[in-house]
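Undergrad: What shape does this take:
(one chain, ligands or ions: 1)
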Amino acid sequence: MRLAFNALRILSLLLLIAAGIFWVRSYLINDWYSIATADGEVDLGSVRGGIYYISKTNPADGSAKINANPGYHAVAIDSSAKAALLTSSSFAGFEYGYVGFFGVRIWTLKIPYWVLMTLFLLMLVGPPLLRINRRQRRRRNGQCVACGYQLTGNVSGICSECGSTLSNAIPPVP
Ligand SMILES: [Zn+2]
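TA: Have a look, this model is predicted:
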């Protein structure tokens with residue numbers, strides 16, 4: 001259990017740092033990863049403060065076809081690239097877009113980095129805060145801090161449920 005908590009904390013910290021780096025980088029260089037699908041292409045990109053998911057679908061009759069460009073691409077941002085992404089609506093850094101032409105359909109969704117960083121920060125500090133809160137609650141209630149067993153009347157100084165010594169437990173107020 002403790003090992004799993006530590007792995008989650010390390011992962012959260014790495015994700016938090018990575019999101020911060022890519023956040024800054026997204027204003028200088030756009031990173032894209034594209035995958036060719038059966039009927040088009042899916043792109044994942046780091047662009048202007050967020051992560052873009054783009055789905056491009058070709059018409060079934062083959063009358064039009066977008067240029068699939070699979071793999072990783074890094075695109076340095078200049079003024080000409082600014083108009084490349086379409087946005088139908090946006091809120092607090094979230095963006096949503098849709099466009100259709102000649103039967104080709106393109107969906108766009110952007111998740112801002114501030115949301116991802118908030119999530120990773122909660123993953124990092126949430127579990128320790130919850131554990132501290134639980135320890136304090138058990139101490140207040142006269143329970144074993146380790147396992148939560150009710151210690152009213154305990155005289156041995158050892159939890160009869162889990163066997164931990166109760167040096168850190170405050171006896172319940174009578
Ligand atoms: Zn116990």
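Undergrad: CA atoms for contacts and neighbours, from now on please.
TA: OK.
Undergrad: ok, now how distant is the nearest residue to Ala146 once chain neighbours are set aside from Ser89?
TA: In this structure, Ala146 finds its nearest non-sequential neighbour in Ser164, 7.1 Å apart by CA to CA, 6 or more residues apart in numbering. For Ser164, the distance to Ser89 equals 57 Å [CA to CA, to the nearest Å].
Undergrad: same deal with Leu44?
TA: Leu44 is 19 Å from Ser89, by CA to CA.
Undergrad: any residue of stretch 150-167 up close to the ion?
TA: Yes: Stretch 150-167 comes into contact with the ion (CA under 5 Å from the ion), by way of Cys159, Cys162.
Undergrad: Quick one: mean pLDDT over that stretch.
TA: The average pLDDT for stretch 150-167 rounds to 84.
Undergrad: from the chain's centre, how far out does that stretch sit?
TA: Taking the mean of its C-alpha atoms, stretch 150-167 sits 40 Å from the chain's own mean (CA atoms, centre = their mean, to the nearest Å).
Undergrad: So what are the sheet partners of the least confident helix or strand in the chain by mean pLDDT and their directions?
TA: For the chain, counting by mean pLDDT, DSSP states H and E, strand 89-91 ranks last in confidence among helices and strands (a mean of 86). Sheet pairing for strand 89-91, assigned by DSSP bridges, gives strand 94-101 (antiparallel).
Undergrad: So for the partner strand, what gets flagged as buried?
TA: Phe94, Glu95, Tyr96, Gly97, Tyr98 (16 or more other CA atoms under 10 Å).
Undergrad: got any ranges where this structure has weak pLDDT?
TA: For the chain, the stretches with pLDDT under 70 are 1-3, 5, 79-85, 167-174.
Undergrad: Perfect, I'm done here.
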